[in-house]
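Participant: Please work out how this folds:
(chains A and B)
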2 protein chains.
Amino acid sequence: MFRRFASTSAWTLPPSIRQILSSGQESASNIHVHGWVKSVRRQKNVTFAVINDGSCASGLQAVLNNNLSGTLQGLTNGASVRMTGSLVASRGLGQAKELQVESLDVLGECNPEIYPVQKQALTVEYLRDHAHLRPRTDNGASVLRLRNSLLRALHGFFERHDFCYTHTPILTSSDCEGAGETFRVTPSSGSPAYHSSEEVQPESGATDPHSEFFSKPAYLTVSSQLHLEALASSLGRVYTLSPCFRAERSQTSRHLAEFWMLEAEMAWTREVGDVCGLVEACVKDALGAGTEERALLVKGVAGYEERLKGLETASRPEPWTRITYTQAVAELEKYHASLETRSHPFRFKPKWGRGLQSEHEKWLSEELVKGPVFVTDYPSSLKPFYMRTNDDEQTVACFDLLVPHVGELVGGSLREERLDALKNRMSAHGLDLEGEDYGWYADLRRFGSAPHGGFGMGFERLVSWVSGIENVRECIAMPRWAKRMLL
Amino acid sequence: MFRRFASTSAWTLPPSIRQILSSGQESASNIHVHGWVKSVRRQKNVTFAVINDGSCASGLQAVLNNNLSGTLQGLTNGASVRMTGSLVASRGLGQAKELQVESLDVLGECNPEIYPVQKQALTVEYLRDHAHLRPRTDNGASVLRLRNSLLRALHGFFERHDFCYTHTPILTSSDCEGAGETFRVTPSSGSPAYHSSEEVQPESGATDPHSEFFSKPAYLTVSSQLHLEALASSLGRVYTLSPCFRAERSQTSRHLAEFWMLEAEMAWTREVGDVCGLVEACVKDALGAGTEERALLVKGVAGYEERLKGLETASRPEPWTRITYTQAVAELEKYHASLETRSHPFRFKPKWGRGLQSEHEKWLSEELVKGPVFVTDYPSSLKPFYMRTNDDEQTVACFDLLVPHVGELVGGSLREERLDALKNRMSAHGLDLEGEDYGWYADLRRFGSAPHGGFGMGFERLVSWVSGIENVRECIAMPRWAKRMLL
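Facilitator: Numbers count the residues shown, from 1 in each chain, chains lettered A, B, ... in the order given. The predicted model follows:
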C-alpha cells in the first residue's frame, strides 16, 4: 500500500576488521575498510599504516604506494580513514594478511601537533584526565573489549544454568547494607513539567515542587540483593548486572562511587557450600573468556608471567580452597605470633570477632593459599542482618571469596528464611521487620518461604583481577569517585 | 597444601522444572523437585497439584496419594515444597509428564486465609500495591521471563554484529536531551565516612560535607548517547543497556521515572537509512524471542488475535515502511482536512514544523501503515543539537520508529560529525562547544572524526508492544513513577 515510501535493499553491515582477519578467506579484491590510523611508517616507495576499527586488538596492516593519488599527508595517527583495495597474504612478518590500498579517503583528520593521544607512553593520571580519549589507547580499548568478553561469558553461564536475567530498581528507599554511605536523589527542576499530550492525568500534590518526588526519600541502590530475593521467591533462580553506588569519600584502588555488580540469588539452597560452588563455576567460566585481550593487558604488569600462571592455575577444575573464618583467624594468629618477637607482619592484630583487614585478606590468598580462597562462616556481629544464622548461633552461613592482588572479589551467603530468626536478627540491628520498610521482606518468609542464598561480585574487581590492572579506575570506561566525575 | 580445607565434590545444580519437562527423558525414578504450589485439586484417593519453580510457564503436575505420610494439609497455594518421586508419562490430558510423588516436604507454609495472592483475578492496582508478590502471579512471572528472552535476543544480535557491549555512566554532569527533567544526586550522609583501612588517602576538601561530592553537580543520566559516541570513536560499534531516569511528574502509560534503554552507536555510517536498517534487523530478531510467554500474555488482551497477527506480519522479512516527516505531515493534513467539515479527527492540527502528537503517531502506524513505520528527517527545530543537518538545512538526518499501540519505540539519527556544523547547531541551542561541559564532545570531531549514527530504544516499550500489556508499569518488576516507589 505504501510501497512508494518503503525501503528496498536488505540491510547488512560491512565486515569489521576482526571479521576480515578471522575469516578463512585468503584474499579478496575491492574491499572497503574503515578505521583509525594506529601507526604510520613511511618508506621510499611505500607507506605502511596499521588501521583499526576497534573490533580487535591487532588492526590491519595497509600498504600504500607513495604515488597514490589522494591525501597521503592526511594519514596521521588518529585520523579516520576509508580504504579500498585488495586483501592479500602479507609479505612481512607479524601479520598473515594485509591490505594493498588502491584508494584512500581521509574522513576525519587528526592534527599530530595537537592530538592529545601521542605515541609515547601516557601516564595513568593524564589518561584519567582525558577520559573521552582514553579508549583510543591500545590498553584503553583492550579493557573495554575484555569487559565485553567477560560480560558475555557471565550471561552465558547464567543462561545455561536457567537463571532469569532480571532488572532490579536503582532508585530505592532502603539501604540494604546499612552502611549509610548512600546517594540521595531529588528532582532537579523546581517547576513540575507536564506533558502536553492528552494522556496526562496529573495527580493531586504533584504541583508542589518541594514535596518528595516519590512520596518518600529516594536513594541510589547499594545492592540489589533484597529485591533479587523477592524475584527469586517467584522465579527460583535470578541474577542481575546492575550499577551500584556508594558515596564513599575514601580513595582506594578498589572502590568507585559508581560500579557494576553481578548479583545472583537462588531458591532451595541449603548449604553455603552450594553457593560457593555456583560462584566458583561462574568465575572459572569467566576466566576462560577474553584471554587474548587479557594477555595483552597483563603484559604491562610487573611479574606478569607469575600472574598469568596464577590465573591459569585458578581456572583448572580442581576445587578452590575453602576455610572457615575461625580457621582463617587461627592461621593468621599463628603467623602473626611466629613473627611477634621480630617484627609485626600485620598492622592489625588478627583476633576472632574482628573483621579481616585488607592485609589479612591479601596474606590469606597470596601467601597461605596462593590462589582464590573462600572464607566462610563469619561471626554474626560482623555481617548484615539478612544472613542465615548457623546452628552455633555465633556465626552466619556466609562467605567471602578472596583472590590474589584484589582481595574480596565476591561476597555471599544463605539468607535467613525463618521468620522468627530473621525478626531476632533485625531487632538486634535496630530494624523493624513489621514496619513499612521491611514488611514486604517479611512477607517473603511468611508466604511460601524457601531456603535460598546468593552472592554479589564487583565487576570491576573481576576485570582488575584477570587483567592485572591494579586500580579499578582503569577497569571502567568513565570512572566516578569522590571529587571526580568527567564527561 | 591446604587440602584439609578444600571442598571435594564437583558442583552441579539440580535440573529446573523447565529442564525436566523439556528433556527427552520419558521417565525417571527418585528425582527431587522443588517448587511453589500453583494449584491443588483434591479427589477421593489422590490429590493433584501443579508446582512451579519459576523456570517456565507451565509447571509440573504432581500426583499424591492421599495416604501419603507427611503434611498433605500443608499443600496449599503458594507453599514452598520439595517432592521426591518418579517422573512418568501422564495419564491425564494437558501435560505429557507428571510426577508420582513418594515423599513431600513442605518447606515454607502459605496460609490460604491471609495469602495476598488469591486465585481470583486481582486488579492491576492491587498488584501494583503488592509489588513484591506480583511476580508470583502467572502474568507477573511471564513478563519477567519475557524480558529475559528479549534481553538475550538483543545481546545475541549485537554480539553477532560485532558490537562491543559497554557500560556508560549513570552519574553525569550533562543533560543530553536538554529536557531539564533530571534527578539531582547528592551524598545523603552529613558526615564523610573514611575507611579504616591503610589504603585510604583522604583528599583535601573531602571533609566538608556541604561541598559537592564530585566537585560539580551530579545528575542521573537521561540517555547514554553522548558517552556512547566517545566509545564509538574508539571501538567503532558499541551498545549499552542501561537504566535511564526522567523526573517527569506526568502520569502516562508510556513513561516511568526509571526505565531501561538499549542504545547503540556505530561509526562510519553515512545514511540514516542504515541506522533504520540496524534497528529493523535488531527489533525483528527480538520479535522471534520469547514467543511462548508472549502468546500467554497477549491472550489477556482485547483483540489479541489481531495483535498476534500484527506481530507476525511485522517480523516478516519485508522491509518496514519508511516515510519522511514531510510526507507524514502531508498525509496527516490530508486526512485531517478530509474530515474537517464533519468532525476533527485530531485534537492537534498537524502542520509542518510542529511536533507529531501521540494521536498523530498512532494514526500513522495503526491506520495509515498498519504496522511499524520509520518517520525520518524531522525539522531541525524539533530535535536535539547533536543530530546531523541535512543538505536542505531545514531538517536533520533522524528517525522515530512508530509501532501500533505504543507509538514511539525507537529514536535515532546520524550525529553531526562536522565540527563547524556542530558549533552552529549548539550556538542555536545556547550551548558552548568550547566550554568545560562539551569540550570533550568537540574533541571527538576535532581528532579523527568519523561519520556515525545510532539509536535508543525504550526496553519497557518493547516489552509492552510484544506482550500487549498496555501500561509500562506492568512491564518492569518494580516500577517507579511520580509518587510511587515501593520496595
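
Participant: quick one: which helix or strand includes the closest residue in space to A:Glu434 that isn't next to it in sequence?
Facilitator: Closest residue to A:Glu434 apart from its sequence neighbours, by C-beta to C-beta, 6 or more residues apart in numbering or on different chains: A:Ala442 at 6.6 Å. For the C-beta atoms, the positions are set from N, CA and C on the backbone; glycine is no exception. Following DSSP states H and E, one finds A:Ala442 within helix A:439-446.

Participant: Is there proximity between the next helix or strand after that helix and chain B?
Facilitator: Scanning forward in sequence from helix A:439-446 by DSSP H and E, the next helix or strand is strand A:452-458. No: Strand A:452-458 lies out of reach of chain B by C-beta under 8 Å from any C-beta of the partner chain, never closer than 9.6 Å.

Participant: tilt between the helix holding A:Ala442 and strand A:452-458?
Facilitator: 130 degrees (axes from the mean of the first three to the mean of the last three C-alpha atoms, to 10 degrees).

Participant: So for helix A:439-446, what gets flagged as buried?
Facilitator: The neighbour-count check on helix A:439-446 (16 or more other C-beta atoms under 10 Å in any protein chain shown) flags A:Trp440, A:Tyr441, A:Ala442, A:Asp443, A:Leu444, A:Arg445, A:Arg446 as buried.

Participant: name the helices or strands packed onto it?
Facilitator: For helix A:439-446, the packing partners by 3 or more C-beta pairs under 8 Å, 6 or more residues apart in numbering or on different chains; DSSP states H and E come out as helix A:225-235, helix A:419-428.

Participant: the longest strand in chain A is where?
Facilitator: strand A:28-42 (DSSP state E).

Participant: from the chain's centre, how far out does that one sit?
Facilitator: 32 Å (C-alpha atoms, centre = their mean, to the nearest Å).

Participant: Now do the same for it: mean pLDDT, whole number.
Facilitator: Strand A:28-42 shows a mean pLDDT of 95.

Participant: For that strand, C-alpha coordinates in PDB please.
Facilitator: These are the backbone C-alpha positions of strand A:28-42, laid out as PDB (Å, rounded to 0.1, in the frame of the first residue of the first chain):
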ATOM      1  CA  ALA A  28      39.800 -10.600  -1.700                       C
ATOM      2  CA  SER A  29      39.600  -7.700  -4.100                       C
ATOM      3  CA  ASN A  30      37.700  -4.500  -3.900                       C
ATOM      4  CA  ILE A  31      37.000  -4.500  -0.200                       C
ATOM      5  CA  HIS A  32      36.300  -1.400   1.800                       C
ATOM      6  CA  VAL A  33      37.700  -0.900   5.200                       C
ATOM      7  CA  HIS A  34      37.100   1.900   7.700                       C
ATOM      8  CA  GLY A  35      39.300   2.600  10.700                       C
ATOM      9  CA  TRP A  36      41.600   4.900  12.700                       C
ATOM     10  CA  VAL A  37      45.200   5.100  11.900                       C
ATOM     11  CA  LYS A  38      47.200   3.500  14.700                       C
ATOM     12  CA  SER A  39      50.700   3.800  13.200                       C
ATOM     13  CA  VAL A  40      52.400   5.000  10.000                       C
ATOM     14  CA  ARG A  41      55.800   4.000   8.700                       C
ATOM     15  CA  ARG A  42      56.900   5.800   5.600                       C
END
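
Participant: That strand: partners in the sheet, and parallel or antiparallel?
Facilitator: Applying DSSP bridges, strand A:28-42 is found paired with strand A:46-52 (antiparallel), strand A:80-89 (antiparallel).

Participant: now, of these, which is deepest in the fold?
Facilitator: Ranked by mean neighbour count, these are led by strand A:46-52 with a mean of 21 (mean count of other C-beta atoms under 10 Å in any protein chain shown).

Participant: List the contacts of A:Asp432.
Facilitator: Taking C-beta atoms under 8 Å, 6 or more residues apart in numbering or on different chains, we find A:Asp432 in contact with A:Met426, A:Tyr438.

Participant: a helix runs through it, doesn't it?
Facilitator: No: under DSSP: H, G, I helix; E, B strand; the rest coil, A:Asp432 falls outside any helix and is assigned coil.

Participant: circling back to that earlier point, nearest to A:Pro379, out of the strands paired with strand A:28-42?
Facilitator: Each of these has some distance to A:Pro379 by C-beta to C-beta; the shortest is strand A:46-52, at 52.3 Å.

Participant: and the angle for the following helix or strand past the closest one with strand A:28-42?
Facilitator: Toward the C-terminal end, the helix or strand that comes next after strand A:46-52 (DSSP H and E) is strand A:60-65. Calculated by the same axes, to 10 degrees, strand A:60-65 forms an angle of 80 degrees with strand A:28-42.

Participant: With chain B in mind, check whether strand A:60-65 reaches it.
Facilitator: No: if you take C-beta under 8 Å from any C-beta as the test, strand A:60-65 misses chain B, and the best it gets is 12.5 Å.

Participant: Paired strands for that strand, with orientation please.
Facilitator: Paired strands of strand A:60-65, with direction, are strand A:46-52 (antiparallel), strand A:97-108 (parallel) (DSSP bridges).

Participant: State the helix or strand in which the residue nearest to A:His130 when sequence neighbours are not counted lies.
Facilitator: Using C-beta to C-beta, 6+ apart and skipping the chain neighbours, the partner closest in space to A:His130 is A:Pro116 (5.5 Å). Using DSSP H and E, A:Pro116 sits in no helix or strand.

Participant: How about A:Tyr335?
Facilitator: Assigned by DSSP H and E, A:Tyr335 belongs to helix A:325-338.

Participant: and for that helix, what are the contacting residues?
Facilitator: A:323, A:344-346, A:349-352, A:356, A:360, A:363-364, A:368, A:375-379, A:395, B:5.

Participant: Can you tell me which of those residues are buried?
Facilitator: Applying 16+ other C-beta under 10 Å to the contacts of helix A:325-338 flags A:323, A:350, A:356, A:360, A:363-364, A:368, A:375-379, A:395, B:5 as buried.

Participant: Among the residues you listed, which lie within helices?
Facilitator: Members of those lying in helices (criterion: DSSP state H): A:His360.

Participant: biggest separation within the buried ones among the contacts of helix A:325-338, which pair?
Facilitator: Going by C-beta to C-beta, the pair spanning the buried ones among the contacts of helix A:325-338 furthest: A:Trp363 and A:Thr395, at 21.3 Å.

Participant: so how far is A:Glu408 from A:Glu333?
Facilitator: 20 Å (C-beta to C-beta, to the nearest Å).

Participant: And the two? Which one has more around it.
Facilitator: For A:Glu333 versus A:Glu408, neighbours defined as other C-beta atoms under 10 Å in any protein chain shown are more numerous around A:Glu408 (18 against 15).

Participant: so that one sits right up against A:Tyr378, yeah?
Facilitator: No: under the criterion of C-beta atoms under 8 Å, A:Glu408 makes no contact with A:Tyr378, lying 11.8 Å away.

Participant: Return every residue with contacts to both of those two.
Facilitator: A:Asp400.

Participant: where's whichever residue of the stretch 201-350 of chain A sits closest to chain B, which helix or strand?
Facilitator: Chain B sits closest to A:Gly277 of the stretch 201-350 of chain A, with a gap of 3.0 Å, by C-beta to the nearest C-beta. Counting by DSSP H and E, the element that carries A:Gly277 is helix A:272-287.

Participant: ok, residues contacting the helix or strand just after that helix?
Facilitator: Next helix or strand after helix A:272-287 toward the C-terminus (DSSP H and E): helix A:291-298. The contact list for helix A:291-298 (C-beta under 8 Å, 6+ apart) reads A:57, A:138-139, A:142-143, A:145-146, A:149, A:304, A:307-308, A:311, A:466-469.
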